[in-house]
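Chemist: build me a model from this:
(one chain, ligands or ions: 1)
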Amino acid sequence: MLRTGRCLALLLGFAALLCAADADLILYNGKIVTVDSRFSISQAVAVRGGTIAAVGTSDAILHSERGPKTELIDLDGRTVLPGLVDAHVHALEAGLSEYRAPLPPLDSFTAIQQFIRAQAAQTPKGQWIVVPRTFPTRLKEMRMPTHEVLDVDSEHPVLFDASYVVVLNSYALKLCGIGRDTPNPPGGEIVKDASGEPNGILKNAPSLIKGLDRTAHFSQAEKLDALEQQLKRYVAAGLTTIGDRGTNPEQIALYEKLKATGRLPIRAVLTWLANNSLPAAELQRQIEAAPYTTNTGDSWLKFGAFKLILDGGMTIGTAFQRYPYGPFGKQLYGKTNPDDRGQLFVPPKKLLAVMRTARDRGWQLATHDQGGGAVDAFLDCLEALNREKPIARTRSHLIHASFQSPEAIARMKKMGILADVQAAWLYLDAPALERVFGYDGMRYFYPLRSYIDAGIVVAAGSDHMIGHDKNRAVNPYNPFLSMWIEVTRRTGRGEVLHPEQRITRAEALKTHTIWPAYLQFAEKERGSIEPGKLADMVVIDRDYLTCPEPEIKEIQPVMTMIGGKIVYRAR
Ligand SMILES: [Zn+2]
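Modeler: Predicted coordinates for the structure are as follows:
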């Protein structure tokens, strides 16, 4: 009797254990691309309590993990990838950009002029018209417009926005009192034509622009809504984690509010973008006073890097290069001096002092460094810090590093520095940039093969900032477009730029999964489909690993899952 009782208790205990082991959900009969250390492929995956319980053959998983309440999804042969990561977005800016009205695609002077005429028809006379951010590298003319291009309307001041560079029409120049004798503002330039008259192009001169309030007037509720909607668009694109690369205290508060109210639809890692124009002492004070540092937070919302913007942009000719922009730079960017190398915004001494304070507070360090000169400047800073204590454990990284060199790559490797890369720029901007720098000058433009061969961790990000559409936005955030570019290095004109820098499909997938997870100190909890990790996955409509190459960019998510919950299903 005693023996039977004990057996029964044991049996019951065993049954309870079995029940506890039932999966909440099983995806089976598919192709599970796990991105584990062996890049193994499986058929089925079981999810329990928001994490991955088991991966294996369909038979084995259905046999061992299925219980009476387990939800079953027959993948019907479809491919499942780990949830994709975009390591570099600007979600609020993007979300607000088309919140009230859609933006037209502006890829030529004609399109810009049509936009101005349409706006003029509905804007009271004398009020500003702003042409949404457009880069000359992406215009058919491959030329920075001057005031004549914008002078299609004479009753409104017009501003063409290329971020650090803007162009004014004649009305606006007059309104702002900018003439041939106006002195350049500190650190800025009023570009003049051959006769000495301003041609409309202003560089780093926001103080000269009068009567334009560019701070968009959105209520907090609208900002929260715009941010939430944009984050949902990322989920629909197959992303399960984003790195927001430009958050300030206001944006951080918006993310925290979304999370606190159960409205955060995607995992977010926030980069604190500090204001590089503040004096070093003030930046250091802010760093000391900040209540957060890298890894403060949880798996849904946490802090990543501390960031400073070190130089300008290659799309507007202000990226700080190792060599001058030359004659074509004059046309493309409206430069007056062909020997110009761009701008370094933070002097080396200030950079080192601020970054040292940030490191001592536990921050991962990053800078926007687009030109080769800026890359070298940040590496100098990191080397100085590395001499004090090894920098590798901070997983610090270069953001963009568009113009690389073998020497800089070797320095990154030596110190354990990572790269945040934007493949889409190769597609969008390389044709114009090749005119500036020549084919050889583009050899180390996003050199992914060189990075990977050197053992440098590469995290792919879009730098999405304007527009809602995943393929047409500035910059497009479709991760499959990004992976296709990484694999093919095909530009928008169809040619292949330095094919020796192409990477494999498996590697491209890693740049959007396990490698950005590593950059975000999260490789132990996500980035691959392995037992114990968070159940972040995306089911796609064709086989990423074997579909014809041109189709990679056409891949559509069928279902996105975060933490075991299905958060998106294609209709
Ligand atoms: Zn950015």
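Chemist: what about the helix or strand containing Val130, distance to the chain center?
Modeler: Under the criterion of DSSP states H and E, Val130 resides in strand 129-131. In terms of CA atoms, centre = their mean, to the nearest Å, the centre of strand 129-131 is found 25 Å from the chain centre.
Chemist: for the most centrally placed residue in the chain, what are its contacts?
Modeler: When CA atoms, centre = their mean is applied to the chain, the residue found nearest the centroid is His88 (2.1 Å). Contacts of His88 were listed using CB atoms under 8 Å, 6 or more residues apart in numbering, and they are 243, 245, 399, 420, 422, 459, 461-464. Just so you know, the C-beta spots here come from the backbone N, C-alpha and C atoms, and that holds for glycine as well.
Chemist: dump the helix or strand just after the strand holding Val130 to PDB, restricted to CA.
Modeler: Next in sequence after strand 129-131, counting helices and strands by DSSP H and E, comes helix 147-150. Provided in PDB are the C-alpha atoms of helix 147-150 (Å, rounded to 0.1, in the frame of the first residue of the first chain):
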ATOM      1  CA  HIS A 147      18.400  79.800 -55.300                       C
ATOM      2  CA  GLU A 148      17.400  79.800 -59.000                       C
ATOM      3  CA  VAL A 149      16.100  76.300 -58.700                       C
ATOM      4  CA  LEU A 150      13.900  77.300 -55.800                       C
END
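Chemist: now do the buried residues in helix 147-150.
Modeler: Of all the residues in helix 147-150, those buried under the rule 16 or more other CB atoms under 10 Å are 147, 149-150.
Chemist: one more: stretch 445-461?
Modeler: If you call a residue buried by 16+ other CB under 10 Å, then stretch 445-461 has these buried ones: 445-452, 456-461.
Chemist: elements contacting the one helix or strand Pro327 maps to?
Modeler: Pro327 is part of helix 326-333, with elements assigned from DSSP H and E. Packed against helix 326-333, as judged by 3 or more CB pairs under 8 Å, 6 or more residues apart in numbering; DSSP states H and E, are the following elements: helix 424-441.
Chemist: enumerate the residues of the stretch 151-300 of the chain near the ion.
Modeler: Arg245 (CB under 5 Å from the ion).
Chemist: give me that answer again for 6 Å
Modeler: 245-246 (CB under 6 Å from the ion).
Chemist: so where's the stretch 151-300 of the chain shaky on pLDDT?
Modeler: Filtered on pLDDT under 70, the stretch 151-300 of the chain yields the residue ranges 215-216.
Chemist: can you give me the helices in it?
Modeler: Counting by DSSP state H, counting those that start in this stretch, the stretch 151-300 of the chain has these helices, from start to end: 170-175, 220-236, 249-260, 280-289.
Chemist: roughly how far apart are the residue nearest to the centre of the chain and Thr70?
Modeler: Separation of His88 from Thr70 (CB to CB, to the nearest Å) stands at 38 Å.
Chemist: do the same with Gln520
Modeler: To Thr70, Gln520 is 31 Å away according to CB to CB.
Chemist: what do you get for Pro198?
Modeler: 70 Å.
Chemist: can you report how many residues lie near Ser462?
Modeler: 29 (other CB atoms under 10 Å).
Chemist: one more: Lys69?
Modeler: So Lys69, with other CB under 10 Å, has 9 neighbours.
Chemist: got the domain ranges for the chain?
Modeler: Following automatic domain parsing, the chain resolves into domains at 2-77, 85-91+218-310+345-566, 104-208.
Chemist: ok, and which of these has the densest surroundings?
Modeler: Each of the domains of the chain was scored by mean neighbour count; the highest is domain 85-91+218-310+345-566, a mean of 20, by mean count of other CB atoms under 10 Å.
Chemist: that one: end-to-end distance?
Modeler: 17 Å (CA to CA, to the nearest Å).
Chemist: residues of the chain that sit close to the ion?
Modeler: 88, 90, 245-246, 463.
Chemist: in strands only, show me those.
Modeler: 88, 245-246 (DSSP state E).
Chemist: contacts for the strand holding Val130?
Modeler: So strand 129-131 is in contact with 106, 112, 115-116, 119-120, 123, 150, 153, 156-161, 212, 214, going by CB under 8 Å, 6+ apart.
Chemist: that strand pairs with which strands, parallel or anti?
Modeler: Partners of strand 129-131 in the sheet, by DSSP bridges, are strand 158-162 (parallel).
Chemist: next secondary structure after the helix or strand of the chain with the lowest mean pLDDT?
Modeler: Every helix and strand of the chain was ranked by mean pLDDT, DSSP states H and E. The lowest is helix 2-20, at a mean of 47. Proceeding N to C from helix 2-20, the next assigned helix or strand is strand 25-28, under DSSP H and E.
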